[in-house]
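Trainee: just to be clear, the model below is a prediction. Sequence and coordinates:
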Amino acid sequence: MAVVEKEKRIFRIEIDPRLCKACVICVDFCPTDVLMINGNTVAVKNLDACNGCQLCDNRCPDFAIQVFEE
Amino acid sequence: MATNKKRFMQGNEACAEGAFYAGCTFFAGYPITPSTEVMEISSSRLPKTGGVFIQMEDEIASICAITGASLGGRKSMTATSGPGFSLMQEGLGFACMAEVPIVIINVMRSGPSTGFPTGPSQSDVMQAKWGTHGDHPAIVLIPASVEEIFYETIRAFNLAEIYRTPVIVLYDEIIGHMREAVTIPQPGEVEVVNRVKPTCAPSEYKPYDTTLGDIAPLAAYGEGYRFHVTGLYHGADGFPTNNTKLIEEAGQRLVRKVEDNKERIWKNEEYFLDDAEIGIFAYGVSARSAKFAVRELRKKGIKAGLLRPLTIWPFPDSAVDALAERVKTIIVPEMNLGQIVHEVERVARGRCEVKGIFRVDTEPIKPAQIIEKILGNGPMPSAPVSPTDSNMSEMLIERDMLDG
Amino acid sequence: MSTPAEEAKPLAKKKKKVPFDYSPYIRGGKLPHIWCPGCGHGIVLKSLLRAVHASGTSQNDVAMVSGIGCSSRTPGYVDFNTLHTLHGRAITYATGLKMANPKLKVLVITGDGDALAIGGNHFIHACRRNLDLTILVYNNFTYGMTSGQTSPTTTQGKISTTGRHGNIDPPFDTCTLAKAAGATYVARGTAYHFQELEKIIFDAFMHKGTSVVDIIDACPTYYGKYNKYASATDMMEQLEKDGTVSVKQAEKLTPEELEGKLLRGVLHRSERPEYSEEYGKLVTSLQSKK
Ligand SMILES: Cc1ncc(C[n+]2csc(CCOP(=O)(O)OP(=O)(O)O)c2C)c(N)n1
Ligand code: SF4
Ligand code: SF4
Ligand code: SF4
C-alpha cells in the first residue's frame, strides 16, 4: 500500500524567561497543547505536537515566545 | 543702508511683530480678551510667510500644540489672558519638565475667574512663577511699553531657545491695547538666537545629556534622532527613571539652569536711583506712573528713584538687595492686592521700610497715588473710577512719561 | 497548482515559517515592559508594529504621541520619534507636531479614559479637522493605571473601584462618536483578532485624514478581577471574541442577536480634504499672490 506521508515539519520554540510573565495566554490558546507553565515562566511540554501556527507568539503580550521552523 | 521704520502700533501687534522678527513660525491659540489681536495678526501673517497658524479648541490644546510643534523644530508661541493662562498651567509644567522652548504671552486682565475681561491687572505675576505644580524654572518678562513688548518678545524667544524652557511674557491690558510708536529694526540688527542642535550621530544622541553643561542640544523629530520625551522624571537618554539619585539631580538641574544664569536673564531699568532715598520698585504699566511720579517728586526736591525690572522671574534679588541697602523706603505699586511686594520684603530683610500700593478696581495706579504715598499727606484723594476719566490714559500715552 | 519547476525543487516549495522580528522596532534594553501579566496592550503593540513594518515607512518618519495611562506608556518601548505627554492631551501635541512637520506619520496612542474622558474635547476636534493622525484607542473599559475606576466606555452594570455597586453611567461608543465628529476612517479591532487588527491599523495608518481605531483589549488586573473573569484568556474570549461580531457576520444577525455586541471591522470610511494639505494649499495660494 502506497502511503503518501505528509512531510513532517519541525519547529523550534524559543522562550525568553526574562520576558515571560506566565500569563498563560499562550498555553490557553495553543490548539495542540504544546505549552505549560513551569514556575514563573512558560515551558514546552510536547514539541512534537506543535503545528507552527504562531498563535502563541501573536497573542503573547510580552514578546517572550517565538516559533521557528527548522 | 535702509533706515528703520517707525510704526505706530498696538501692544498686541508689537508682540506679534516681535515674535515674527524672532523667527516664530508656529502659533496655536484660543481667542480671549485682551490678547486676541496677537492671534488674529498671526492668523493673517503666518500663512503668508510659510509659517503655521492653528486655532485650537481651548488653551490646554494650544499650549500642548505649540510644545509639539517646538519638538518638530519650530519656534512656537501662544497668547492668552487670565482664564486661558490658568488652563495652560499643566502644559506649562510639561514644557518645563521636557525642556521644550516655547513662548507664552499672557495679557493680564482682572480676575479671579472671568473678572472684568477688559479691565487691566497685574495679578498674574505670582501665577506666572508658581502656577504649575512642582518645583520648576520660570523665566518671565514684563515689558512696560509697546516698543518694549516688541523687544521683550524677541528676548523671550531667545531665552527660550538658550535655556530650553518656556518663557512667559506678561503685560497688562493697557499696554496690550495702547498705541505707541515702535522702531522696527532691520533684520539682523537685533540678535536672534536659535536652539543648539546636536552634531553627534543619532545613535549617540541623548536629549538630556548634561556632560557639557546643564542645557543639552535639542534635535527635532524627523531629523533622524528618534529620541523620547516624557513628563516623567527621566535620565539623560529621556527615558523614565525611578532612580532617586537621578530624580534629585534632574530636579535640581531644571531649576539650576535658570538660577545659575539669572545675571544673564535679569534686565532692569534704573531711574534716578544714584542718590535716591526713596525707591520705587515698579513693573509693567505701574512703572510708567512711577516714573512720572519720580519726576514730579524730584521737582519738589524729594530724592525718589525707580527700579524697574523687565525680568520679573527670576526675581531681581541683587538689584533689590542693593536698593534696600541704600534707601529708607521702597514703595511697590502693583495692580493687585500685594504680590511682588512680598518678594521685595523678602530681599529687603527689614533693612528698609517696604510699602505697597495696591489697586484692583481695573484703573491704573496713578502717579498722584504714588506721590501721596510718599509725601504721606493724609488720606489719598479718592481715586476716580469712572471710565470717562480720560485724564489717565492721556497721561499714559505721553511719550516722555516713559522716556523721560 | 504547482508548476513542474516547483515539483523539481521540493525543498523550495514551502517557505519556512519565521516569526516576525520585532527587534528593529523595540528600543534596546527596554523590555520587559511595565504592563501586567496578560495585559492586552502588549498584544496590540505587536499588531501595530507589524502594520507599521508592512507600510514600509522609515522609522525616522514615524512619530508616536501618547497621553497618560498604561496604554500611553507604549512610546517608551518603540524606536520611533516618541512623545509621552499629559493625560488626555496626546492629540493636541500630535496636532502641533504634525502641523509643524507634515512629513511625519503621526500615531496617537491613547486609552479609553485618556481619549474619551479628559481628552474628549480634543478627540472630537481632531476628527472635525481631519488632520492626518492615526488615533489608536486602547479600550479596556477601565482606567488601568489608576487601578480600575469607571471609564467612559465601562459597560453598565460592571464593577469598578468608583462604581462598586455596578456602573450606572451610559458608555460612549468610540466609533459612533468618531464618525459623528467627522473622522474619515473609523474601525474597531481586538487584541484577540490580532491579524485583523494588524490589517486595520495598516489601513488606518495609510489613510489620509483622521483615522480612529477602537481596540478592545483586556485589563485582567482590575477590570478582570473586579468583574470575575477567570483569566486574561477568559477576558479575551468573552469580551473580544464573543463580545464582538464582524461587520460581515452582523449582516446575518437579528437585532436581538446583536444585542450587547460591538461591531468589528471598518465601520466608516469617507474622503474629505486633509487638514495639513488644506493648510499647505492656503500657504501656496497666499504666497503666489505676492
Ligand atoms: C490631569 C490628570 N488627571 C488624572 C490623572 C490620573 N490618571 C493617570 S492615568 C489615568 C487613567 C488612564 O486610563 P486610560 O486612559 O483608560 O488608560 P489605561 O491605563 O487603562 O491604559 C488617570 C485618571 C493624571 N495623570 N492627570
Ligand atoms: S506555534 Fe501554535 S501549536 Fe506551536 S506552540 Fe505555538 S500555539 Fe502551539
Ligand atoms: S503569552 Fe507570553 S508572557 Fe504569557 S505565558 Fe506565554 S510566553 Fe509567557
Ligand atoms: S493595570 Fe490593567 S491596563 Fe494597566 S498594565 Fe495592568 S492589566 Fe494592563
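Mentor: Okay, I see it. This structure is a prediction, so every number in the text was calculated from the model and none was measured. Ligands and ions are numbered 1, 2, ... in the order given.
Trainee: ok, the closest residue to ligand 4 within chain A - contacts?
Mentor: Nearest residue of chain A to ligand 4, counting by CB to the nearest ligand atom: A:Pro61, 8.6 Å away. Bear in mind the C-beta positions are built from the backbone N, C-alpha and C, glycine included. Going by CB atoms under 8 Å, 6 or more residues apart in numbering or on different chains, A:Pro61 touches A:21, A:23, A:25, C:35, C:38-43, C:46, C:191.
Trainee: give me the spatial nearest neighbour of it, chain neighbours excluded.
Mentor: C:Gly42 (2.9 Å; CB to CB, 6 or more residues apart in numbering or on different chains).
Trainee: ok, the one you found touching C:His33?
Mentor: Yes - contact criterion CB atoms under 8 Å: C:Gly42 and C:His33 qualify, at 6.3 Å.
Trainee: which residues of the stretch 1-150 of chain C lie near ligand 1?
Mentor: When proximity is defined by CB under 6 Å from any ligand atom, the stretch 1-150 of chain C lies next to ligand 1 at C:68-71, C:87, C:111-114, C:138, C:140, C:142-146.
Trainee: which of the residues you listed sit farthest apart?
Mentor: C:His87 and C:Asn140 (15.7 Å; CB to CB).
Trainee: more neighbours: those two, which one.
Mentor: C:Asn140 (34 against 21; other CB atoms under 10 Å in any protein chain shown).
Trainee: residues touching that one, list them.
Mentor: With CB under 8 Å, 6+ apart, C:Asn140 has these contacts: C:40-41, C:71, C:111-112, C:216-219, C:223.
Trainee: repeat the analysis, applying 6 Å as the threshold.
Mentor: C:217, C:219 (CB atoms under 6 Å, 6 or more residues apart in numbering or on different chains).
Trainee: now it: how far from chain A?
Mentor: 12 Å (CB to the nearest CB, to the nearest Å).
Trainee: and that residue, what pLDDT?
Mentor: pLDDT for C:Asn140: 98.
Trainee: what's the spacing between it and B:Lys300?
Mentor: According to CB to CB, to the nearest Å, C:Asn140 and B:Lys300 sit 74 Å apart.
Trainee: returning to what we had before: what are the phi and psi values for the residue nearest to A:Pro61?
Mentor: Dihedral angles of C:Gly42 (phi, psi; degrees, to the nearest 10) stand at phi -70, psi -30.
Trainee: any idea how far C:Thr74 is from it?
Mentor: With CB to CB as the criterion, C:Gly42 and C:Thr74 are 9 Å apart.
Trainee: the two: which has the busier surroundings?
Mentor: More neighbours surround C:Gly42 than the other of C:Gly42 and C:Thr74, with 28 against 25 (other CB under 10 Å).
Trainee: for that one, what are its contacts?
Mentor: Contacts of C:Gly42 (CB under 6 Å, 6+ apart): A:61-62, C:35.
Trainee: can you lay out those residues as JSON lines showing pLDDT and secondary structure?
Mentor: Shown next, in JSON lines, are those (pLDDT from 0 to 100; DSSP: H, G, I helix; E, B strand; the rest coil):
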{"residue": "A:Pro61", "pLDDT": "98", "secondary structure": "coil"}
{"residue": "A:Asp62", "pLDDT": "98", "secondary structure": "coil"}
{"residue": "C:Trp35", "pLDDT": "98", "secondary structure": "coil"}
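Trainee: I'd assumed A:Cys23 was in contact with C:Ala232.
Mentor: Yes - C:Ala232 is in contact with A:Cys23 according to CB atoms under 6 Å; the separation is 5.4 Å.
Trainee: which neighbours do these two have in common?
Mentor: Contacts common to C:Ala232 and A:Cys23, judged by CB under 6 Å, 6+ apart, are C:Gly38.
Trainee: of those two, who's got more company?
Mentor: C:Ala232 (28 against 25).
Trainee: for that one, which non-adjacent residue is closest in space?
Mentor: C:Gly38 (2.7 Å).
Trainee: can you pull out the strands in the stretch 1-150 of chain C?
Mentor: Assigned by DSSP state E, counting those that start in this stretch, the stretch 1-150 of chain C shows strands spanning C:62-66, C:81-84, C:105-111, C:133-139, C:142-143, C:149-150.
Trainee: good, we can wrap up now.
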